[in-house]
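sequence plus the predicted model coming up.
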Amino acid sequence: MNKHGNLLENLAWQGISRRSFLKYCATLASLMALPPTAGRAMAEALARAPRPSVIWLPFQECTGCTESITRSHSPSIEGLIFDSISLDYQETLMAAAGHQAEEVLHKVVAENEGKFVLIIDGSVATGLDGAYSCIAGRSNLDLLREVGPKAAAIVAVGSCAAFGGIPKAKPNPTGAVAVSDIIRDKPVVNIPGCPPIPVVMTGVLAHFITFGSLPELDRLGRPRAFFGETIHDRCYRRPFYDQGKFAKTFDDDGARKGWCLFELGCKGPVTYNACAHVKWNDGTSFPIESGHGCIGCSEPDFWDAGGFYKALSMPADPLKFVAGAAVAGAAVGVAVSIANRARKGAAKAAHETATLADLEK
Amino acid sequence: MNELQFLTWVRGPGLDIALGIFLLGVLWRLMEIYSLGRKKDLAAPRHAPGASGWHTILRRSLPPPGMVKRSPVSYIGGYIFHVGLAIIVFLFVPHIKLIEGLTGLSWPGLPSQVIDAVTVVTLAAMVVVLVDRINKPVKRYLSTFQDWFTWALTFLPVLTGYLAVKHLFLPYTTMLALHILSAELLLVFIPFTKLFHVFTVFGSRWYNGAINGHKGVPV
Ligand code: SF4
Ligand code: SF4
């Protein structure tokens, strides 16, 4: 981690001109739906940034989120901004290990109380008092309860930290919960995705550095600028959806013609994320462009939403009651029929024929 | 429960329960109705042109002479929303997918723009028919709670479906879940309200036609 010089010098040193940095900030600002002037403000703030301390705590995670941020764009401005913030504790990236690393963590927390940004990836295990996931003999739960309240801002990166993620999938053996389930008294920015889109993260950090505040969040704590629309809203296959042209298998004629993947289980219509316009791998493409439906990875509980390859309109679970109910219905039908027939028979038996004499009475 | 969990519930257990109650009720009532039976009519059958079950099915599906003029809203509005509902329910691709998922049967659907247009027309026709029911004193007098209730049960799935597709008022996920939930409510109540006519309409027309046809009276 390079800790010398300011961001701009750092970028120049890595061969990125001031001009392309400005352009990057303008793009970032427009992606976040900020006014045009914000791009310049962002560039200035980032260039002068006193580099807030960032502590990145990995909980029950697979390191995929770190991989996404550090690898997929490398060497991009995003990656470099990451290098240039004061990432004081990140187990995967830091050189220190063991007690040394622990010392750093506690020192940074103590020195920057109320000022550092806390990034968390991975869910928080709460089962057995959090014993399922520990760092240096301390449970994640414990650590979060201690460090969380001292942070200036908390960013939950990835669907696990944001919503519990795969560890929370039924039957959730470790009692995994989201960061926001533990930290309730301060806003947690959720950047869901499995993994999340790198620029969303740098966007949030840039916003924090520039304005000293968090960007506008939606109901689920996600930055509205990136999670305001569904994949389906911005999907280039949308015209086929509207025309009712669907691929039926992954290699049929429709699939080759690029028709809509709804019938193959695409969850784009219920997934709020920026993939369809921000795209992945430095703007190369996003999953639907590769012929695979969206699995809804940025939505809470996408892992238990009835199967990735089942169309949204299909039953989520196998129907259990229906057969029994049909049998019960038939049985009731038969029973009622028998009762009705019995009543009819009884009425018939009780029937007395009226005679002329009766009528004259 | 978040919105995706809500959606997954209505697509899973909710659907299961609704379809279960629906099937239970439908089988029960159909068996009950058809097992009632009738006494054999011992009179010699009379024959008259146009007097049979099939004739009546056809005749009662068309407006009687002069009635369209006398009661245009009921007839025209009624036709439009019934045909519209059939198109929406059976020719919208996601609905066909659901039926395919449940029964294995499938057929081609219509482009969603066509369904959109049919939905708007259907909603409008249903509103007009409702307003007519409120405005005409006789109709209002004849209406019971069930009439208002079944109107709402039918209207809501169409409305929520349209709002969901058009991304209006609520996030799509929530609206889609509400749409499915309202359709499930409709399923639950079909067997136990006058909505059961979706199953009995042609049977009862045939029966009326046949019984009167035996007497030589075209009805
Ligand atoms: S592929 Fe998915 S996101 Fe794209 S239009 Fe079809 S359903 Fe919507
Ligand atoms: S397309 Fe869907 S599943 Fe794929 S990364 Fe984007 S939100 Fe996640």
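Sure, I can see it. Ligands and ions are numbered 1, 2, ... in the order given.

next, count neighbours for residue A:127.
Neighbour count for residue A:127, taken as other Cβ atoms under 10 Å in any protein chain shown: 15. In short, each C-beta sits where N, CA and C put it, glycine included.

actually residue A:337, not the one I typed
By the measure other Cβ under 10 Å, the count of residues near residue A:337 is 18.

next: residue B:148.
Residue B:148 has 13 neighbours, counted by other Cβ under 10 Å.

where's it, which helix or strand?
Assigned by DSSP states H and E, residue B:148 belongs to helix B:145-165.

which strands or helices does that helix pack on?
Identification of packing neighbours for helix B:145-165 by 3 or more Cβ pairs under 8 Å, 6 or more residues apart in numbering or on different chains; DSSP states H and E yields helix B:78-91, helix B:112-135, helix B:172-189.

point out the most buried one among these.
Comparing the helices and strands packed on helix B:145-165 by mean neighbour count (mean count of other Cβ atoms under 10 Å in any protein chain shown), helix B:172-189 ranks first with a mean of 22.

can you give me the mean pLDDT across that helix?
Throughout helix B:172-189, pLDDT has a mean value of 94.

name the spans of chain A whose pLDDT lies under the cut-off.
A:1-8, A:10-11, A:14, A:49-51, A:71-86, A:91-93, A:95-96 (pLDDT under 70).

and it, what are its domains?
As assigned by automatic domain parsing, chain A contains the domains A:7-227, A:231-304, A:321-359.

how far off centre is stretch B:166-173?
Offset of stretch B:166-173 from its chain centre (Cα atoms, centre = their mean, to the nearest Å): 25 Å.

which residue packs closest to residue A:67, ignoring adjacent ones?
Excluding its sequence neighbours, the residue lying closest to residue A:67 (Cβ to Cβ, 6 or more residues apart in numbering or on different chains) is residue A:195, at 7.0 Å.

so the one you found, which state does it fall into?
The three-state label given to residue A:195 by DSSP: H, G, I helix; E, B strand; the rest coil is coil.

give me phi/psi at it?
Phi and psi for residue A:195, reported as degrees, to the nearest 10, are phi -90, psi 170.

my guess is it contacts residue A:161. True?
No: if you go by Cβ atoms under 8 Å, residue A:195 and residue A:161 don't touch, sitting 11.2 Å apart.

most distant residue from the centre of chain B?
In chain B, the residue that sits farthest from the middle, by Cα atoms, centre = their mean, is residue B:44; the gap is 37.6 Å.

and residue A:307, how many neighbours?
12.

double-check that it belongs to a helix.
No: read with three-state DSSP, residue A:307 is coil and lies in no helix.

OK, contacts around the residue lying closest to it once chain neighbours are set aside?
Distance criterion Cβ to Cβ, 6+ apart; nearest residue to residue A:307, sequence neighbours excluded, is residue A:265 at 6.9 Å. Contact partners of residue A:265, counting by Cβ atoms under 8 Å, 6 or more residues apart in numbering or on different chains, are A:293, A:295, A:307, A:308, A:309, A:310, A:311, A:312.

which of the domains of chain A sits closest to ligand 1?
Nearest to ligand 1, of all the domains of chain A, is domain A:231-304, at 2.3 Å by Cβ to the nearest ligand atom.

for that closest one, what is the distance to the chain centroid?
Relative to its parent chain, domain A:231-304 has a centroid offset of 16 Å by Cα atoms, centre = their mean.

got the residues of chain A near ligand 2?
A:193, A:231, A:271, A:273, A:275, A:286, A:287, A:294, A:295, A:296, A:297, A:298 (Cβ under 6 Å from any ligand atom).

check the burial of the third one by counting its neighbours.
Put plainly, it is residue A:271. 27.

what of residue A:267?
Residue A:267: 27 surrounding residues under other Cβ under 10 Å.

may I have the phi/psi pair for it?
Here is the backbone geometry of residue A:267 (degrees, to the nearest 10): phi -100, psi 10.

quick check: it touching residue A:298?
No: applying Cβ under 8 Å as the test, residue A:267 and residue A:298 come out as separate, 10.0 Å apart.

what comes up buried for stretch B:211-219?
Neighbour counts over stretch B:211-219 (16 or more other Cβ atoms under 10 Å in any protein chain shown) mark B:212, B:213, B:214, B:219 as buried.

any idea which of the helices and strands packed on helix B:145-165 gets closest to residue A:20?
Checking those against residue A:20 by Cβ to Cβ gives helix B:172-189 as the closest, at 37.3 Å.

quick one: list the elements packing against the closest one.
Applying 3+ Cβ pairs under 8 Å, 6+ apart, one finds that helix B:172-189 makes contact with helix B:3-11, helix B:13-36, helix B:145-165.

can you pull up the most central residue in chain B?
Closest residue to the average C-alpha location of chain B: residue B:198 at 5.2 Å, with Cα atoms, centre = their mean.

pLDDT score assigned to residue B:146?
Per-residue confidence (pLDDT) for residue B:146: 95.

ok, it - contacts?
B:193, B:194.

coming back round to it: what does the residue nearest to residue A:307 show for phi and psi?
Backbone torsions for residue A:265, taken as degrees, to the nearest 10, come to phi 100, psi 10.

residue contacts, the nearest residue to residue A:90 once chain neighbours are set aside?
In space, and not counting its chain neighbours, residue A:90 is closest to residue A:56: 4.1 Å by Cβ to Cβ, 6+ apart. With contact set as Cβ under 8 Å, 6+ apart, residue A:56 has these partners: A:66, A:87, A:89, A:90, A:91, A:119, A:120, A:121.

could you rerun that using 7 Å?
A:87, A:89, A:90, A:119 (Cβ atoms under 7 Å, 6 or more residues apart in numbering or on different chains).

can you tell me the SS state at it?
Residue A:56 ends up strand, using three-state DSSP.

how about the residues of chain A next to ligand 2 in TSV, adding distance to residue A:148 and secondary structure?
TSV is the format used below for these (distance: Cβ to Cβ, whole Å; DSSP: H, G, I helix; E, B strand; the rest coil):
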residue	distance to residue A:148	secondary structure
A:193	22	coil
A:231	31	helix
A:271	28	coil
A:273	26	coil
A:275	29	helix
A:286	33	coil
A:287	33	helix
A:294	32	coil
A:295	30	coil
A:296	28	coil
A:297	25	coil
A:298	23	coil
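
any idea how far residue A:216 lies from residue A:226?
For residue A:216, the distance to residue A:226 (Cβ to Cβ, to the nearest Å) stands at 11 Å.

okay, these two: which has more neighbours?
Between residue A:216 and residue A:226, residue A:226 has the larger neighbour count (other Cβ under 10 Å), namely 28 against 14.

show the subsequent helix or strand relative to whichever helix in chain A runs longest.
Ranked by residue count under DSSP state H, the longest helix found in chain A is helix A:321-350. Later in the chain than helix A:321-350, the nearest helix or strand by DSSP H and E is helix A:356-360.

for that next one, which helices and strands make contact with it?
Helices and strands in packing contact with helix A:356-360 are not found; criterion 3 or more Cβ pairs under 7 Å, 6 or more residues apart in numbering or on different chains; DSSP states H and E.

what residues does chain B have near chain A?
B:2, B:4-5, B:7-8, B:11-13, B:15-17, B:19-21, B:23-28, B:31-32, B:35-36, B:93-94, B:97-98, B:101-102, B:109-113, B:172-173, B:176 (Cβ under 7 Å from any Cβ of the partner chain).

quick check on those residues: which are buried?
B:4-5, B:7-8, B:11-13, B:15-17, B:19-21, B:23-28, B:31-32, B:93-94, B:97-98, B:101, B:109-112, B:172-173, B:176.

close to ligand 1: what parts of the stretch 101-250 of chain A are there?
Within the stretch 101-250 of chain A, the positions near ligand 1 by Cβ under 6 Å from any ligand atom are A:231, A:232, A:235, A:237, A:238, A:241.

check contacts around the closest residue to the fourth one other than its chain neighbours.
Spelled out, that is residue A:237. Spatial nearest neighbour of residue A:237, chain neighbours left out: residue A:260 (4.8 Å); criterion: Cβ to Cβ, 6+ apart. Applying Cβ under 7 Å, 6+ apart to residue A:260 gives the contacts A:237, A:240, A:241, A:245, A:246, A:247.
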